[in-house]
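>>> Coordinates only, no sequence provided:
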């Protein structure tokens with residue numbers, strides 16, 4: 001199997017003349033009343049020359065902002081590219097024709113990117129308009145699965161379109177996903193009946209740990225691995241998803257006992273990122289574990305005058321796996337220390353829009369009222385602590401989650417369309433029946 005290949009750009013599509021993306025807008029119903037300009041402000045991160053490299057056609061991972069001056073960092077991961085493609089799809093559905101051209105351009109960049117058995121590296125440096133893997137040669141299951149579901153959403157939006165560029169995008173997506181089958185097969189360990197977290201091309205071996213928790217942003221990897229290898233000679237079984245463990249805690253809020261889902265770090269995004277693509281309200285047998293997790297986060301946020309807590313920038317522009325201790329499996333079950341809950345990140349509060357729209361908007365408005373300087377010209381800064389100190393970073397992963405939380409109903413529908421068309425939907429329903437607490 002190839003360790004480092006570069007696929008040629010697809011030749012089965014019309015060549016679209018690229019256009020600079022200087023304006024993005026969503027269909028009117030996506031803008032919550034009283035929060036229209038704030039959502040638009042975060043959406044504007046994804047303009048060319050701001051958070052997007054107009055030559056490579058992908059977002060920068062990190063943008064430092066001082067006043068109106070920006071300092072982009074020239075690297076990216078594929079989850080960020082996937083969220084960007086989902087945003088472009090919604091912009092195109094709102095009538096922005098250049099967005100569909102850009103979708104095809106970005107897919108061409110992915111088709112031409114070096115890969116391992118079809119799977120993409122983490123991260124990629126952006127070098128002269130091309131994606132170049134770093135020396136570590138890490139191939140993560142999590143980012144590849146996130147990208148796969150993001151691509152499924154784009155395909156689902158256009159499966160019945162007669163537009164030549166839309167048909168081209170669907171064809172390119174199918175090519176990207178099908179060539180990854182050998183990679184997903186190799187990440188499965190039949191002895192453990194779990195999926196490895198990834199592969200190191202530097203070490204020529206799988207990473208030394210497994211995806212073994214459902215309350216983690218990686219949970220889509222064994223799910224997707226089963227779907228895409230289904231019917232092949234070496235399928236990844238549903239048990240790779242079902243065998244992942246899930247734990248809940250117990251917490252008192254306003255004399256009410258809550259049973260929140262515990263993520264490893266107590267980070268909100270670990271529990272919520274997959275819901276951008278899958279309608280987990282319908283899929284999870286007892287969704288109250290997510291609702292209770294959200295209520296604990298909201299209580300913590302209100303008590304500490306910060307946004308929800310999740311992995312994010314630090315206020316001195318580093319990065320940390322912040323979490324609420326009471327929501328951390330590491331803390332609750334094993335008494336391990338975690339980064340703690342004194343720093344919040346706006347994107348985590350935005351993710352709660354998928355659970356309770358009114359509470360989320362109210363909480364976001366409250367954050368802006370308490371911390372008016374959190375809004376840069378290109379989106380909300382990534383972190384603020386209990387003293388009011390802020391990061392100067394914008395991170396495209398977090399900006400993508402912020403915006404796509406408001407688009408999730410549409411993205412969920414697009415993914416559902418794709419899953420049903422390819423005969424995958426019932427498998428997803430079946431696997432999610434195991435999404436129950438092992439506590």
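Cool, got the structure. Quick caveat, the model's predicted, so the values are computed rather than measured.
>>> going forward, measure contacts between C-alpha atoms and count neighbours the same way
OK.
>>> thinking residue 63 is in contact with residue 69, fair?
No - counting by C-alpha atoms under 8 Å, residue 63 sits too far from residue 69 to count as a contact (10.0 Å).
>>> Counting neighbours, go ahead and name the busier of the two.
residue 63 (24 against 11; other C-alpha atoms under 10 Å).
>>> Nearest residue to the more buried one in space, ignoring adjacent ones along the chain?
residue 72 (4.5 Å; C-alpha to C-alpha, 6 or more residues apart in numbering).
>>> buried sites along the particular helix or strand that has that neighbour in it?
If you go by DSSP states H and E, residue 72 is part of strand 69-73. By 16 or more other C-alpha atoms under 10 Å, the buried positions in strand 69-73 come out as 70, 72, 73.
>>> Return the list of strands paired to the next helix or strand after that strand, each annotated with direction.
Once strand 69-73 ends, the next helix or strand along the chain (criterion: DSSP H and E) is strand 75-76. Strand 75-76 has its sheet partners listed here by DSSP bridges as strand 122-127 (antiparallel).
>>> Would you map the strands across the stretch 101-250 of the chain?
Taking DSSP state E, counting those that start in this stretch as the test, the strands found in the stretch 101-250 of the chain are 114-116, 119-120, 122-127, 130-140, 188-189, 194-196, 198-200, 205-206, 210-211.
>>> Residue 155: which of the ones you listed is closest?
strand 119-120 (18.4 Å; C-alpha to C-alpha).
>>> what's next to that closest one, contact-wise?
With contacts defined as C-alpha atoms under 8 Å, 6 or more residues apart in numbering, strand 119-120 is touched by 78, 113, 114, 139, 140, 144, 180, 183, 184.
>>> in its sheet, what does it sit against?
As assigned by DSSP bridges, strand 119-120 forms pairs with strand 114-116 (antiparallel).
>>> Quick check: mean pLDDT of the partner strand?
Average pLDDT, strand 114-116: 98.
>>> start to end distance for stretch 109-125?
Terminal residues of stretch 109-125 are spaced 13 Å apart (C-alpha to C-alpha, to the nearest Å).
>>> Kindly report the same for stretch 132-147.
17 Å.
>>> OK, contacts around the residue nearest to residue 20 when sequence neighbours are not counted?
Spatial nearest neighbour of residue 20, excluding adjacent residues (C-alpha to C-alpha, 6+ apart): residue 48 at 6.4 Å. With contact taken as C-alpha under 8 Å, 6+ apart, residue 48 is in contact with 20, 21, 22, 54.
>>> Which pLDDT value belongs to the last one?
Which is residue 54. 95.
>>> Which element, helix or strand, includes residue 431?
Secondary structure (DSSP H and E) places residue 431 in helix 425-432.
>>> What is that helix packed up against?
helix 220-229, helix 239-242 (3 or more C-alpha pairs under 8 Å, 6 or more residues apart in numbering; DSSP states H and E).
>>> Apply 10 Å and report the result again.
Counting contacts by 3 or more C-alpha pairs under 10 Å, 6 or more residues apart in numbering; DSSP states H and E, helix 425-432 packs against helix 220-229, helix 239-242, helix 280-283, helix 396-421.
>>> what's the closest of the ones you listed to residue 364?
helix 396-421 (10.9 Å).
>>> Buried residues of that closest one, list them for me.
396-419.
>>> Let me know the angle separating it from helix 425-432.
Put simply, helix 396-421 runs at 120 degrees to helix 425-432, going by axes from the mean of the first three to the mean of the last three C-alpha atoms, to 10 degrees.
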